[in-house]
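Engineer: Generate a structure from the sequence data that follows.
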Amino acid sequence: MSVTLAIDAMGGDHGVVVTVPACCDFLEKHTDVKIVLVGDLDVLKQALNKFPKAPMERIQIIAASEVVLMDDPIEIALRRKKDSSMRVAIEQVKEGMADAIISSGNTGALMAISRYILKTLDGVDRPAIATAIPNELGLGTTMLDLGANADCEPMHLLQFAHMANVMVQVVDGKPHPSIGLLNIGEEVIKGNEVVKQAGELLRASKLNFYGNVEGNDIFKGTTDIVVCDGFVGNVVLKASEGLAKMMSGLIRQEFNRSWFTKLMAVGAMVPLLRVRKRVDHRRYNGAVLLGLRGCVIKSHGSADRFAFGFALDRAYEAAKNRMVERIAEAFVAETK
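Structural biologist: Numbers count the residues shown, from 1 in each chain. The predicted structure is shown next:
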């Protein structure tokens, strides 16, 4: 099965400096992929000229005259910039010309435009943002929602769990992922009313519900999936990214402290680099906007070439394994 990925090539902090090289790298690894680069034609052609060996027969360029800036209000991005690279890329999925869209642009704008153009799946009240957060098992704990829905009802948290369940099956290849509900304690009596009622719904569902989990369980890898509202999820995400950067910074400081420290560090080089690799948030880049009638992947705005490649990987796996269709099927099954 051939997969076509539409790229908002102008989005994010770096634009084509990151998106074009990352796409060329990706095409080298995957011969069954076609890339649709959306953005300023002249800028894209100049960027591609730096990669003469790129398989141009598998690269298409589509013009877009506008760019959604990182600080653009949602109203501006949605109503006024109708020829933005973000919107035109999303429309490729709507029109069936691409299987997924990847953007490093404004998260709020990406969600708003995607929801407006693609609409939500039947049975889904609210789309959610999901991504993997590094854990001590060397894998990733999938967490949602990460900011799309600050206030949620119990049924929304149940729907998030169903969507994440399918996503982890499809993208990570886990047939029966375990699901935890983020709370202030493991006991069923803990938490606010929304969390308590959500726990009841999850226990009554056919999902592999582990029970309540606490913040430290995210990093332990206690469950494959952790469900929470978008306010809490976004705080956890930003805290985990800050922690990863802090650890990388501390490792660099130790290597540069003194000649003696450098000498001692040589012996610990391998384990230190392993730790640095495992907590590198770039390897977990690529949040999925779940619940839409199309596959939308949000790359981190500051993603470099290396990190954007992981967002492409996530989009590829989701599209190749029919993630959106399988989520839709799961919700139909739940209503029967």
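Engineer: Flag every buried residue along stretch 79-86.
Structural biologist: Of all the residues in stretch 79-86, those buried under the rule 16 or more other C-beta atoms under 10 Å are 81, 84-86. (Each C-beta comes from the backbone N, C-alpha and C, glycine too.)
Engineer: Please disregard the earlier target; I meant stretch 316-327.
Structural biologist: 316-324, 327.
Engineer: got a list of what the residue nearest to residue 217 when sequence neighbours are not counted touches?
Structural biologist: Excluding its sequence neighbours, the residue lying closest to residue 217 (C-beta to C-beta, 6 or more residues apart in numbering) is residue 180, at 6.2 Å. Counting by C-beta atoms under 8 Å, 6 or more residues apart in numbering, residue 180 touches 210-213, 217, 222-223, 225-227.
Engineer: just for the protein, where's the confidence low?
Structural biologist: 1, 243-245, 247-282, 334-336 (pLDDT under 70).
Engineer: just to revisit the earlier point, which members of the buried residues of stretch 79-86 are the farthest-apart pair?
Structural biologist: 81 and 85 (9.4 Å; C-beta to C-beta).
Engineer: Taking the centroid of this protein, which residue is nearest it?
Structural biologist: residue 287 (0.8 Å; C-alpha atoms, centre = their mean).
Engineer: all strands in this structure, in order from the N-terminus.
Structural biologist: For the chain, the strands defined by DSSP state E occupy 3-8, 33-39, 59-63, 100-103, 128-134, 140-144, 179-182, 209-213, 225-227, 287-290, 295-298.
Engineer: Next, the buried residues of stretch 202-212.
Structural biologist: 202, 207-212.
Engineer: swap that for stretch 303-320, please
Structural biologist: Buried residues in stretch 303-320, counted by 16+ other C-beta under 10 Å: 303-305, 307-320.
Engineer: How about residues contacting it?
Structural biologist: Contacts for stretch 303-320 (C-beta under 8 Å, 6+ apart): 1, 3, 5, 12, 14, 18-19, 21-23, 25-26, 30, 33, 99-102, 104, 167, 170-171, 281-286, 288, 295, 297-300, 324.
Engineer: next one: stretch 37-49
Structural biologist: 6-10, 15-17, 19-21, 23-24, 54, 56, 59-65, 67, 85, 88-89, 92.
Engineer: Apply 6 Å and report the result again.
Structural biologist: 7, 9-10, 16, 20, 61-64, 85, 88-89 (C-beta atoms under 6 Å, 6 or more residues apart in numbering).
Engineer: Likewise for stretch 284-298?
Structural biologist: With C-beta under 6 Å, 6+ apart as the criterion, stretch 284-298 contacts 93, 100-102, 107, 110, 114, 118-121, 124, 127-132, 140, 163, 299-300, 303, 307, 310-311, 314-315, 318-319, 324.
Engineer: Give me the buried entries from these.
Structural biologist: Using 16+ other C-beta under 10 Å as the threshold, 93, 100-102, 107, 110, 114, 118, 121, 124, 127-132, 140, 163, 299-300, 303, 307, 310-311, 314-315, 318-319, 324 are the buried ones among these.
Engineer: right, and the strands of the chain - which one's nearest residue 156?
Structural biologist: strand 128-134 (8.0 Å).
Engineer: Given the closest one, what are its sheet partners and their directions?
Structural biologist: strand 140-144 (antiparallel), strand 287-290 (antiparallel) (DSSP bridges).
Engineer: What angle do strand 209-213 and the longest one make with each other?
Structural biologist: Read that as strand 140-144. In terms of direction (axes from the mean of the first three to the mean of the last three C-alpha atoms, to 10 degrees), strand 140-144 departs from strand 209-213 by 80 degrees.
Engineer: Where helices are concerned, which of the buried residues of stretch 79-86 count?
Structural biologist: Residues of the buried residues of stretch 79-86 located in helices (DSSP state H): 85-86.
Engineer: Would you agree residue 9 is in contact with residue 16?
Structural biologist: Yes. Here residue 9 reaches residue 16: they are 5.5 Å apart, a contact under C-beta atoms under 6 Å.
Engineer: For those two, work out which one has more neighbours and name it.
Structural biologist: residue 9 (30 against 22; other C-beta atoms under 10 Å).
Engineer: re earlier: from the contacts of stretch 37-49, which would you call buried?
Structural biologist: 7, 9-10, 16, 20, 61-62, 64, 85, 88-89.
Engineer: Would you point out the most distant pair within the residues you listed?
Structural biologist: Using C-beta to C-beta, the pair of the buried ones among the contacts of stretch 37-49 lying farthest apart is 20 and 88, separated by 16.5 Å.
Engineer: First residue to last residue on stretch 204-224, what's the distance there?
Structural biologist: End-to-end distance for stretch 204-224: 19 Å, by C-alpha to C-alpha, to the nearest Å.
Engineer: I appreciate the help and will end here.
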